[in-house]
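In: just coords:
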């Protein structure tokens with residue numbers, strides 16, 4: 001049964017990378033802020049944009065977040081079986097993610113999530129030895145707190161909107177026509193309106209982990225409860241959790257009606273939808289269609305770090321001026337088709353790669369650093385008590 005659990009987690013990790021790519025293609029094509037200011041779209045692109053915004057954006061990254069929390073506990077359990085103490089290994093893993101993420105954001109793309117995940121690992125250390133019930137309670141408290149904090153008007157002043165429009169126009173010109181160095185300098189030197197105040201940036205760095213915390217803690221709680229091990233016996237919970245799919249979709253759809261509750265509905269609905277997707281996937285995991293697709297998703301999931309970084313390399317090369325220069329030219333629907341093609345290629349290559357190698361290149365580097373050994377194996381020591 002353990003094999004089933006690992007297979008499901010890897011499969012979901014691969015599935016979440018598909019959704020993450022679909023959402024990120026809006027950024028690769030139209031910019032971090034330009035994607036929310038799209039105008040004069042065709043009916044096809046409008047429908048595709050609505051689909052991505054409601055069904056995908058903001059809901060697949062949380063799936064990955066749940067799985068990250070789950071895997072963190074499993075990693076700690078594995079380390080403690082061999083050498084008891086896991087503190088330094090977790091600290092090294094966190095710093096490794098931060099380092100890879102910083103290089104990713106600095107030299108390739110400003111949409112990196114690895115730095116946040118590394119920082120979040122440090123935030124989660126006090127929760128590692130807590131009981132599942134405690135983790136679930138804290139997840140609930142932080143979920144209510146973070147969604148409540150988003151209450152308020154969604155519109156911007158005319159001055160702020162004009163400044164943002166100017167920034168977006170400049171960004172579009174750089175990404176379409178700029179060289180690698182032009183784009184690198186723009187990302188480094190041209191901060192968007194509202195982000196150029198060091199104090200605001202500092203506050204955001206402090207508050208940001210709290211918004212990520214609920215689903216990390218939920219995943220940690222699932223791992224401690226041995227969720228997804230006896231999947232046949234957990235179907236009742238999967239059915240209940242699947243109800244969150246229509247609830248989340250409804251919340252996200254209603255959020256497009258501007259009100260003080262729009263941000264609450266979008267953020268809360270996105271996270272509820274992510275949980276619903278996990279439960280629905282668990283419910284369908286043993287069905288025929290899922291059995292056909294799961295080996296491909298599983299292979300991508302086993303190489304999740306490498307595949308995530310390769311998505312950036314491929315997409316920036318295709319869309320930015322120093323590559324093929326297709327920035328903004330495929331449209332939203334065309335971007336979806338392109339993403340399906342890229343992900344399908346990753347499935348084929350991941351399956352072929354894993355026939356010869358056990359881990360991906362970036363996974364290997366992170367494992368060597370985490371375990372502080374050239375072969376990436378955990379150094380066993382005498383057993384004492386847990387820290």
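Out: Received, thanks. Predicted, not measured: the structure shown is a model, and the values here were computed from it. Residues are numbered from 1 along each chain as shown.
In: by mean pLDDT, point me to the weakest helix or strand of the protein.
Out: helix 198-224 (a mean of 83; mean pLDDT, DSSP states H and E).
In: for the closest residue in space to residue 319 that isn't next to it in sequence, give its distance to residue 172.
Out: Leaving aside its chain neighbours, residue 319 sits nearest to residue 327 (4.5 Å; criterion: C-beta to C-beta, 6 or more residues apart in numbering). All C-beta spots, glycine's among them, are computed from the backbone N, C-alpha and C. To residue 172, residue 327 is 7 Å away according to C-beta to C-beta, to the nearest Å.
In: so where's the longest helix in this structure?
Out: helix 2-30 (DSSP state H).
In: gap between whichever helix or strand comes after it and the chain center?
Out: Elements were assigned by DSSP states H and E; along the chain past helix 2-30, the next helix or strand is helix 43-51. A distance of 23 Å separates the centroid of the chain from that of helix 43-51, by C-alpha atoms, centre = their mean, to the nearest Å.
In: residues making contact with helix 43-51?
Out: Applying C-beta atoms under 8 Å, 6 or more residues apart in numbering, the external contacts of helix 43-51 come out as 26, 38, 41, 331-333, 335-336.
In: any idea of the mean pLDDT for that helix?
Out: Helix 43-51 shows a mean pLDDT of 97.
In: can you give me the angle that helix makes with helix 2-30?
Out: 130 degrees (axes from the mean of the first three to the mean of the last three C-alpha atoms, to 10 degrees).
In: the least confident helix or strand of the chain: which residues count as buried?
Out: 209, 211-224 (16 or more other C-beta atoms under 10 Å).
In: all helices of the stretch 51-200 of the chain, in order?
Out: With DSSP state H, counting those that start in this stretch, the ranges of helices along the stretch 51-200 of the chain come out as 60-83, 87-107, 114-124, 132-148, 158-177, 180-189, 198-224.
In: can I get these in CSV with distance to residue 7?
Out: Formatted as CSV, those follow (distance: least, C-beta to C-beta, whole Å):
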stretch, distance to residue 7
helix 60-83, 13
helix 87-107, 23
helix 114-124, 23
helix 132-148, 22
helix 158-177, 39
helix 180-189, 38
helix 198-224, 15
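In: which one of these has the lowest average pLDDT?
Out: Taking the mean pLDDT of the helices of the stretch 51-200 of the chain, helix 198-224 comes last: a mean of 83.
In: now do the same contact list for the residue lying closest to residue 148 once chain neighbours are set aside.
Out: Residue nearest to residue 148 in three dimensions, not counting chain neighbours: residue 264, with 7.1 Å by C-beta to C-beta, 6+ apart. Contacts here follow C-beta under 8 Å, 6+ apart; on that basis residue 264 touches 147-148, 150-151.
In: distance check, the residue lying closest to residue 220 once chain neighbours are set aside against residue 363.
Out: Nearest non-adjacent residue to residue 220, counting by C-beta to C-beta, 6+ apart: residue 69, 4.3 Å away. Residue 69 sits 18 Å away from residue 363, going by C-beta to C-beta.
In: can you count the residues close to residue 153?
Out: Counted with other C-beta atoms under 10 Å, the neighbours of residue 153 add up to 10.
In: so the nearest residue to it once chain neighbours are set aside, which state does it fall into?
Out: Leaving aside its chain neighbours, residue 153 sits nearest to residue 260 (6.0 Å; criterion: C-beta to C-beta, 6+ apart). Classification of residue 260 by DSSP: H, G, I helix; E, B strand; the rest coil places it in coil.
In: contacts only, for residue 260.
Out: 151-153.
In: when residue 69 and residue 363 are compared, which one has more neighbours?
Out: Neighbour count, other C-beta under 10 Å: between residue 69 and residue 363, residue 69 has more, with 27 against 18.
In: so who does the more buried one touch?
Out: 124, 215-223.
In: can you name the two of the residues you listed that are farthest apart?
Out: Spanning the widest gap among those are 124 and 222, at 14.0 Å by C-beta to C-beta.
In: one step back: out of the helices of the stretch 51-200 of the chain, the one nearest residue 231 is which?
Out: helix 198-224 (12.4 Å).
In: show me what that closest one packs onto, helices and strands only.
Out: Here helix 198-224 touches helix 60-83, helix 114-124, helix 132-148, helix 262-284, going by 3 or more C-beta pairs under 8 Å, 6 or more residues apart in numbering; DSSP states H and E.
In: if I look at residue 188, how far off is residue 174?
Out: 12 Å.
In: no, scratch that, I was asking about residue 186
Out: On the measure of C-beta to C-beta, residue 186 and residue 174 end up 5 Å apart.
In: with residue 80 instead?
Out: 49 Å.
In: swap in residue 142?
Out: 38 Å.
In: residue 85: how many residues sit nearby?
Out: Per other C-beta under 10 Å, the neighbour tally for residue 85 reads 14.
In: right, I mislabeled it, should have said residue 183
Out: Neighbours around residue 183, by other C-beta under 10 Å: 21.
In: ok, it to residue 171 distance?
Out: For residue 183 relative to residue 171 (C-beta to C-beta), the value is 9 Å.
In: next one: residue 28
Out: In terms of C-beta to C-beta, residue 28 sits 13 Å off from residue 171.
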